[in-house]
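Asks: structure for the following, please:
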Amino acid sequence: MAWRGRFRARFALTISASVTLFISPIGCSEPGDNGALVTIDAGLDAAPSLDVSITDVSVPLDVSMGADGSPIDVAFRDTSAPDAAPLPQCPTEMNGWSSGVAAFRAVTEQWGLLDVEGEYLSVTDIDGDHWPDVLVRKGGGSDDFTRGGIRHKWLLHNTGEGGFEDPTKRSRLFASTLNPQPSFGRPGKVLVSGDVDNDGDLDIYIGQGRTDSANADAETSDLLLNNGDGTFTPGPRDSAARFLDTPSNPAGVSFVDFDRDGLLDLWVVHNERSGPTPLQDSLLKGDGAGGFVDVTHALGLTTVAWNSVFSLNQAQGHSWGWGGVACDLDDDGLPELMASSYGRFPNHLWAPSREGEAVTFENASIASGYAFDENQDWTDNLSAQCYCADEPTAPECDRCPAPEDSRVCDGLRRAFGPNYRWSHANGRQPFSLGGVTGTTVCTDVDNDGHLDLVNYEIVHSDTGRNSDPSQVLFNTGQTPLSFERPGIDETGLTRTDESFFWDHGDMTGAVFDFDNDGWPDIYIGAAEYAGNRALLYRQASPRRFEELAVEDYFEHFRAHGVAVADFDRDGDLDVLVGHSRFRCEGFEGTECAPNNQVQLYENLVGNHNRWLQLRLEGGEGSNRSAIGARVSVTANRVTQTQTVDGGHGRFGLQRDFMLHFGLGTACDAEVTITWPDAERSQQTFQVEPDQRLFVRQGQEPEPIVLRP
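Replies: From the prediction side, this is the model:
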């Protein structure tokens, strides 16, 4: 019997008349790490001293094992074959990142991005060539495509040769539906991608505010269908996604298949306050041809106007939306819908349930812990303390201490007037003691198999510790769905502020593994206030983060908007960052650039560790862009979990459709994909690292050959 090959396994040894070895795949390990690394050379025709069963294949082998029965990693080959070559060894020593090593370098000019300005960024792939393209918006105004005209939006095509080209005008993605001039573009700041018609290319939804639904001269939101040739055509004119008959102002949009019928739907979170109250958020069901119908109220997603303190405290009022996200948090096959709110008002989380074919939603904002944290002590708010010092007989002011520093009230009075930044009637209510949540990212931060949430928040020094900071909400994995917030001190997501009054303007951010060690890291895009800059925290141990010195990544002030992808496809994740000039008066120079120029930072160190990239395509019963698919990758005894993103966060952030996993020193990995169909179809396969694979649902993975 001639057999050649390499086999790695973890063995559990049972001593009996014979030895049976049960195998579960693992990555390479070093000698002494839960077992020894052993190479057995044996002719398979040789007489055995022990009878060994390996999975369902029985072969005779001469086996020598430790007396303690510890697990052993085994590599073996058949030396009875005359041409058997020595097996290559899997090196376990890699040149991973360490403190003091620059992880990124600026390559903006080299990639042809000079004069591209933006604050809102999302990744797409307009031509399906597996090179990540980018949608960039500076505010979202109308574009003048004549030479020297003012631009607000860019569709940037990755050439695959270390640069971007600008086919925006030619694509007609932003062609105005009201102005026939080809040099005039339409407005729209919220952009997300998904294959709405399941034809194999990504369509793009443009969210545009239109609060006066009777104004026929105002552009509406719209779906643009990809023609497959680099151009786009507007979708159906009577679609509910255009909000023709109702006020709208999309601030967060997510493609999602909420009922798992294989057709993409839209979750739209609105920002506009129409009079004294915000707007109703919208769930729109897709028909697979580009049309949508509004199913918000029919499925139980109704919220109410701001006319009741009780309803606001129960997160039953409309969200003052700043961003949206949809993901299956409890892994039951149905995605939750979330709206992050401005103004310290409650965030919303809608939990789905299915009865037969019908899916309905229940408000789980408070019960889950997503609405706001548990700190409801308003007395450390400096504005409240100053107010109570002026009005000591006001309700509950007898338990509110005076400010420790006498300068506080003078400064707040000058900035905000005689009542400071405080409403004594509402400021003590739970509904106004949450956070100003710009973006929520859904991902498994601590590699425990449960999708967590990372909230990016605006916080001011005078609001006190009751204001929710940027932090991780760890999924407990319990039923019903719930989160725990250990806080920034426990997780290390703190920072030092030298100014007397400080402001954290964390509105956008990302969670990604910059050094490919297999553990997600957290990037915070802090913008719009003095001293705000990009921050990067490495997950040094499970649930514990350490801030990188700015010299180790990049100094980028007023960092608003982020797009993370392996833009050069070299095996690590690069970062494109926008720039905000809001509140820049008096801060010109290093902190505030002359315009909103974006900056691209190339990753220099991630591919010193191993990696794996996967692009998925849904099949029967799933949406073709595989939005909502859940992918788990196990390597080096660690399991990472990611989902295909349909858009999230403030004004439409979106991750690359090519999922990226850092594998550390692993020599192999096991991949399990749970597809977003009603049956939750699964497939599992083994892979080697340092490759990118295309996986069609139900088929064997295929290597991706990149073409410029």
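Asks: strands along the stretch 251-400 of the chain, start to end?
Replies: According to DSSP state E, counting those that start in this stretch, the stretch 251-400 of the chain carries its strands in the segments 265-270, 273-274, 277-278, 282-286, 292-294, 321-327, 336-341, 348-355, 358-363.
Asks: could those be laid out in a markdown table, adding mean neighbour count, distance to Gly369 and mean pLDDT?
Replies: Glycine gets a C-beta too; all of them are placed from N, C-alpha and C. Output for the strands of the stretch 251-400 of the chain, formatted as a markdown table (neighbours: other C-beta atoms under 10 Å; distance: least, C-beta to C-beta, whole Å; pLDDT from 0 to 100):
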| stretch | mean neighbour count | distance to Gly369 | mean pLDDT |
| --- | --- | --- | --- |
| strand 265-270 | 29 | 19 | 98 |
| strand 273-274 | 16 | 26 | 68 |
| strand 277-278 | 20 | 22 | 84 |
| strand 282-286 | 23 | 23 | 98 |
| strand 292-294 | 19 | 29 | 98 |
| strand 321-327 | 29 | 16 | 97 |
| strand 336-341 | 29 | 12 | 98 |
| strand 348-355 | 19 | 9 | 97 |
| strand 358-363 | 16 | 13 | 97 |
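Asks: looking at those strands, which is closest to Phe582?
Replies: Closest approach to Phe582 among the strands of the stretch 251-400 of the chain (C-beta to C-beta): strand 321-327, 14.6 Å.
Asks: what is the closest one packed up against?
Replies: The contact analysis (3 or more C-beta pairs under 8 Å, 6 or more residues apart in numbering; DSSP states H and E) places strand 321-327 against strand 250-256, strand 265-270, strand 336-341, strand 436-443.
Asks: in the sheet, who's paired with the spatially most central residue of the chain?
Replies: The residue lying closest to the centre of the chain (C-alpha atoms, centre = their mean) is Val441, at 4.3 Å. Here Val441 sits in beta bridges with Val454, going by DSSP bridges.
Asks: correct me if wrong: it contacts His648.
Replies: Yes - Val441 is within contact range of His648, at 6.3 Å (criterion: C-beta atoms under 8 Å).
Asks: spatially nearest residue to Thr439, not counting backbone neighbours?
Replies: In this structure, Thr439 finds its nearest non-sequential neighbour in Gly649, 3.4 Å apart by C-beta to C-beta, 6 or more residues apart in numbering.
Asks: and that neighbour, bridged to which residues?
Replies: Gly324.
Asks: tally of neighbours for it?
Replies: Using other C-beta atoms under 10 Å, Gly649 has 33 other residues around it.
Asks: if we can go back for a sec, measure the residue nearest to the centre of the chain to Leu453 for me?
Replies: 7 Å (C-beta to C-beta, to the nearest Å).
Asks: separation between the nearest residue to Arg186 once chain neighbours are set aside and Ser541?
Replies: Among residues not flanking Arg186 along the chain, Ser176 sits closest, at 4.3 Å (C-beta to C-beta, 6+ apart). Distance of Ser176 to Ser541, computed by C-beta to C-beta: 53 Å.
Asks: pretty sure Trp502 contacts Thr463?
Replies: No - applying C-beta under 8 Å as the test, Trp502 and Thr463 come out as separate, 11.0 Å apart.
Asks: more crowded one of those two?
Replies: The residue with more neighbours, out of Trp502 and Thr463, is Thr463; 24 against 17, by other C-beta under 10 Å.
Asks: for that one, what are its contacts?
Replies: By C-beta atoms under 8 Å, 6 or more residues apart in numbering, Thr463 lies in contact with Arg344, Asn381, Leu382, Ser383, Arg421.
Asks: for these, work out which two are farthest apart.
Replies: Among the contacts of Thr463, Arg344 and Leu382 lie farthest apart (C-beta to C-beta), at 14.9 Å.
Asks: for Val190, which non-adjacent residue is spatially closest?
Replies: Gly207 (3.1 Å).
Asks: related to what we said a few turns ago, show me the contacts for the residue nearest to Arg186.
Replies: Ser142, Phe184, Gly185, Arg186, Glu219.
Asks: can you check Phe145 too?
Replies: Contacts of Phe145 (C-beta under 8 Å, 6+ apart): Arg151, Thr168, Lys169, Pro182, Ser183, Phe184, Gly185.
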